[in-house]
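Engineer: Following is a predicted model, sequence given first.
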Protein chains: 2
Amino acid sequence: MASSLNRVALGSGTEFDWIRRFLERAAARTVDSDAPDAGGRSGWRVHTGPGDDCALLQADGARGLLAVSTDLSVEGVHFRREWLSWSEVGYRAAAAALSDLAAVGATPLAMLVSLALPSRDGEDSAVALMDGVARAASESGALLAGGDLTVSPAGATVDIVVLGTAARAVLRSGAGAGDELWVTGKLGAAAAAVAAWDSGGEPTEAAREAFARPRARLREAAWLVERRVPRAMIDLSDGLAGDLRHLAAANGLAVVLEAAEVPVHPTAHELAGTDPLHLALAGGEDYELCFAASPGSLSGLVDEFHDVFGISLTRIGRFEAGHGVFLVGSNGERRPLELAGYLHFKGTASS
Amino acid sequence: MASSLNRVALGSGTEFDWIRRFLERAAARTVDSDAPDAGGRSGWRVHTGPGDDCALLQADGARGLLAVSTDLSVEGVHFRREWLSWSEVGYRAAAAALSDLAAVGATPLAMLVSLALPSRDGEDSAVALMDGVARAASESGALLAGGDLTVSPAGATVDIVVLGTAARAVLRSGAGAGDELWVTGKLGAAAAAVAAWDSGGEPTEAAREAFARPRARLREAAWLVERRVPRAMIDLSDGLAGDLRHLAAANGLAVVLEAAEVPVHPTAHELAGTDPLHLALAGGEDYELCFAASPGSLSGLVDEFHDVFGISLTRIGRFEAGHGVFLVGSNGERRPLELAGYLHFKGTASS
């Protein structure tokens, strides 16, 4: 949700000004949710508003929180028709939205789907797209509860709304100086697919699979939250560099990333002419989890995590007093990490 | 939400087949919410799935229901840039979504906003659009709780998600044979604006206002629901003819509409060359409430309603055993009402 606010690739400066003004605008109208009568409709209140991966609502008398997120996928920005089948477009859009629930440690409850589709593609495209959405929903346990469908005079747009429940939610904030920075899985495979397509080639099967069928780390998040490991968490939708900036800002801390520790996906090494680390840092849409953990809190859990889920858990850095994101190179040199978040389609987006 | 599923103007036949398949696809994956373990995540369940104006969720221990709807506004389909300011685009999109909450008798709690905007319009358009959204949210008591923002390679798309609470919800179903059919306000003004623009002219101020700044009938719905008047309700987004078809189908009943009783907006009479009744029946986007009431249950309340809200409450027909929607002309002749629901932009949409 809010994490994807900076999928706006308008060039540096402008894009972030826009996002900032957008959020300020939204937040200015959002009254303090702790005030007694704020949003206190029939005993409901807004626990967390704009700026996290999900909005969180709380009902008097109900256990836990309700998490809500909305996630746009736009043809020509988030996907191209030559790259994906309609079913994959639907699956991918749903997985991206579900990843926002994973980021706060919520369990999927329901999904609503808004589609604007070109009439030239007819109903078969809608049905195929919904097949992909329904498969992602079904795998995650979310029920399809409604939606909206309209014709689009231009390309296809999919907006997925997800609702989930959480006994307690993990926010982007909550980390302390000294906390370790961890990430699930391997990074850069989806970016390798986009880079291959952009250069006129075809991605490897592994890269294509990562782009077309990302998996929201819902069970992994639940496992970690059950063990009270993540103190602050985000899902990697904009790219590690961009998302770490969000995490640093949300915590009022500096994030120090160890270049040598970043778990670059093997297929990112197979792409000629591109720095694999760059794909892992700037690529985006890995939909892995990145979180803060107290020092040592994952001791003895890393192997178990791998045994259960078949993916890695890697310590990639730490939180320190300060501001911004820093990269420590293999030579020990430390410099500010200046990569823009979401670099895909920069040409398309700014045209 | 689901009411706007038939905003797809692909020509008769095709559009409804598409919608039907879309809904079947969604419903097929939605397990029976009454089953003990269906959607029973942390004590939450889906009370009402696809096919009503909102999805309704219920939490164990919490009072009432949570209503959720998602509503798309697409440039060139739901609005044209020459007709509206960005602020009006935002206000109108938000009001349309809030109207879905009114239709189930819910009180607004929170709103999430997804925007896909052409980069040529820059950040000012986003800020102006959010101003309009925020005004509609503020007027309704909804808190802006999050959103998504991305660039669009073509026109603007706005998706508004609304969440509301309801002590008890009014569905599209629940009417009985013999029930009266009622409508709030006057119909056809927004359609008169579109018709004026389409014919190269300018709408009257009243018509333009109705199109650009529709008011979701939230307080009116709450007043009626408090008095337990509506047994089944829908908001008029697709046009009376199209929405009555939904109401008839949801209740497994026939709806008989008295042509002479339809409260046509005065400004619809000011448009030369167009049948005002046609605008009221087929135009759409009036965002008035249409509901079933037990015979006589509104006796003595019509004047009070007008005094409180300054708009009319009109009995326009009745529910009977049977199927479909019928129009009784001023000569007493009864015929099936065959108007398509949403006629705006037919050329654009099918191009």
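Structural biologist: Yep, that arrived. It should be emphasised that the depicted structure is a prediction, and the values quoted were computed from it without experimental measurement.

Engineer: and stretch A:312-326, how far out from the chain's middle?
Structural biologist: Chain-centre distance of stretch A:312-326: 18 Å, with CA atoms, centre = their mean, to the nearest Å.

Engineer: swap that for stretch A:248-258, sorry
Structural biologist: For stretch A:248-258, the gap between its own C-alpha mean and the chain's C-alpha mean amounts to 17 Å (CA atoms, centre = their mean).

Engineer: Quick check: buried residues in it?
Structural biologist: For stretch A:248-258, the neighbour count (16 or more other CB atoms under 10 Å in any protein chain shown) marks A:248-251, A:253-258 as buried. C-betas here are computed from N, CA, C, even on glycine.

Engineer: Turn these into TSV, columns for distance to chain B, pLDDT and secondary structure.
Structural biologist: Formatted as TSV, the buried residues of stretch A:248-258 follow (distance: CB to the nearest CB, whole Å; pLDDT from 0 to 100; DSSP: H, G, I helix; E, B strand; the rest coil):
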residue	distance to chain B	pLDDT	secondary structure
A:248	20	95	helix
A:249	17	93	helix
A:250	14	93	helix
A:251	19	96	helix
A:253	23	97	strand
A:254	26	97	strand
A:255	23	98	strand
A:256	29	98	strand
A:257	26	98	strand
A:258	31	97	strand
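
Engineer: ok, of those, which one's closest to residue A:174?
Structural biologist: Lowest distance from residue A:174 to the buried residues of stretch A:248-258 (CB to CB) belongs to residue A:251, with 7.3 Å.

Engineer: What strand or helix carries the closest residue to that closest one other than its chain neighbours?
Structural biologist: Distances taken as CB to CB, 6 or more residues apart in numbering or on different chains place residue A:175 nearest to residue A:251, at 4.5 Å, with adjacent residues excluded. Per DSSP states H and E, residue A:175 falls between elements, in no helix or strand.

Engineer: Output the buried residues of stretch A:248-258 as JSON lines; include the columns distance to residue B:272.
Structural biologist: Formatted as JSON lines, the buried residues of stretch A:248-258 follow (distance: CB to CB, whole Å):
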{"residue": "A:248", "distance to residue B:272": "63"}
{"residue": "A:249", "distance to residue B:272": "58"}
{"residue": "A:250", "distance to residue B:272": "59"}
{"residue": "A:251", "distance to residue B:272": "64"}
{"residue": "A:253", "distance to residue B:272": "67"}
{"residue": "A:254", "distance to residue B:272": "68"}
{"residue": "A:255", "distance to residue B:272": "66"}
{"residue": "A:256", "distance to residue B:272": "72"}
{"residue": "A:257", "distance to residue B:272": "68"}
{"residue": "A:258", "distance to residue B:272": "74"}
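
Engineer: Nearest spatial neighbour of the residue in the stretch 101-250 of chain A that chain B sits nearest to, chain-adjacent residues omitted?
Structural biologist: Going by CB to the nearest CB, chain B is nearest to residue A:154 of the stretch 101-250 of chain A, at 3.1 Å. With CB to CB, 6+ apart as the criterion, residue A:154 has its nearest non-adjacent residue at 3.1 Å, and that residue is residue B:154.

Engineer: quick one on the thing from earlier: so the residue nearest to residue A:251 touches residue A:247, yeah?
Structural biologist: Yes: under the criterion of CB atoms under 8 Å, residue A:175 makes contact with residue A:247 at 7.4 Å.

Engineer: what do those two both touch?
Structural biologist: Residues touching both residue A:175 and residue A:247 by CB atoms under 8 Å, 6 or more residues apart in numbering or on different chains: A:232, A:292.

Engineer: Any stretches of chain A with poor pLDDT?
Structural biologist: Applying pLDDT under 70 to chain A flags residues A:1-42, A:339-351.

Engineer: thought residue A:336 was touching residue A:323?
Structural biologist: No: Residue A:336 is not in contact with residue A:323 according to CB under 8 Å; the separation is 10.0 Å.

Engineer: Neighbour count for these two, which is higher?
Structural biologist: residue A:323 (12 against 9; other CB atoms under 10 Å in any protein chain shown).

Engineer: for the more buried one, phi and psi?
Structural biologist: Here is the backbone geometry of residue A:323 (degrees, to the nearest 10): phi -140, psi 150.

Engineer: Please give the element, helix or strand, for the residue of the stretch 101-250 of chain A closest to chain B.
Structural biologist: If you go by DSSP H and E, residue A:154 is not part of any helix or strand.

Engineer: what's the answer for residue A:304, then?
Structural biologist: Secondary structure from DSSP H and E places residue A:304 in helix A:302-309.

Engineer: quick one: contacts of that helix?
Structural biologist: Taking CB under 8 Å, 6+ apart as the rule, helix A:302-309 contacts A:184, A:219-220, A:223-224, A:311-313.

Engineer: Which strand residues bridge residue A:75?
Structural biologist: Following DSSP bridges, residue A:75 is listed with bridge partners residue A:79.

Engineer: so who does it touch?
Structural biologist: Residue A:75 sits next to A:81, A:89, A:155-157, B:153 when contact means CB under 8 Å, 6+ apart.

Engineer: Which residue, other than its chain neighbours, is closest to residue A:197?
Structural biologist: That would be residue A:83: by CB to CB, 6+ apart, it lies 5.8 Å from residue A:197.

Engineer: Tell me how many other residues surround the one you found.
Structural biologist: Residue A:83 sits with 15 neighbouring residues when counted by other CB under 10 Å.

Engineer: Would you verify that it is located in a helix?
Structural biologist: No: secondary structure of residue A:83 (DSSP: H, G, I helix; E, B strand; the rest coil): coil, not part of a helix.

Engineer: hmm, back to that, ok, so what distance separates the residue nearest to residue A:251 from residue A:290?
Structural biologist: 11 Å (CB to CB, to the nearest Å).

Engineer: cool, residue A:139 as well?
Structural biologist: Going from residue A:139 to residue A:290 by CB to CB gives 22 Å.

Engineer: Please state the offset of the host helix or strand of residue A:133 from the chain centre?
Structural biologist: Residue A:133 belongs to helix A:122-140 when assigned by DSSP H and E. How far helix A:122-140 lies from its chain's middle: 21 Å, per CA atoms, centre = their mean.

Engineer: Alpha carbons of it, in PDB - could you do that?
Structural biologist: This file holds the C-alpha atoms of helix A:122-140, laid out as PDB (Å, rounded to 0.1, in the frame of the first residue of the first chain):
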ATOM      1  CA  GLY A 122     -13.300  -8.900 -24.100                       C
ATOM      2  CA  GLU A 123     -14.600 -11.000 -21.400                       C
ATOM      3  CA  ASP A 124     -12.000 -13.800 -21.800                       C
ATOM      4  CA  SER A 125      -9.300 -11.500 -20.500                       C
ATOM      5  CA  ALA A 126     -11.400 -10.700 -17.400                       C
ATOM      6  CA  VAL A 127     -12.100 -14.300 -16.700                       C
ATOM      7  CA  ALA A 128      -8.500 -15.300 -17.100                       C
ATOM      8  CA  LEU A 129      -7.300 -12.400 -14.900                       C
ATOM      9  CA  MET A 130      -9.800 -13.400 -12.200                       C
ATOM     10  CA  ASP A 131      -8.600 -17.000 -12.400                       C
ATOM     11  CA  GLY A 132      -5.100 -15.700 -11.400                       C
ATOM     12  CA  VAL A 133      -6.500 -13.500  -8.700                       C
ATOM     13  CA  ALA A 134      -8.700 -16.300  -7.400                       C
ATOM     14  CA  ARG A 135      -5.700 -18.700  -7.300                       C
ATOM     15  CA  ALA A 136      -3.600 -16.300  -5.300                       C
ATOM     16  CA  ALA A 137      -6.600 -15.600  -3.000                       C
ATOM     17  CA  SER A 138      -7.300 -19.300  -2.600                       C
ATOM     18  CA  GLU A 139      -3.600 -20.100  -1.800                       C
ATOM     19  CA  SER A 140      -3.600 -17.400   0.900                       C
END
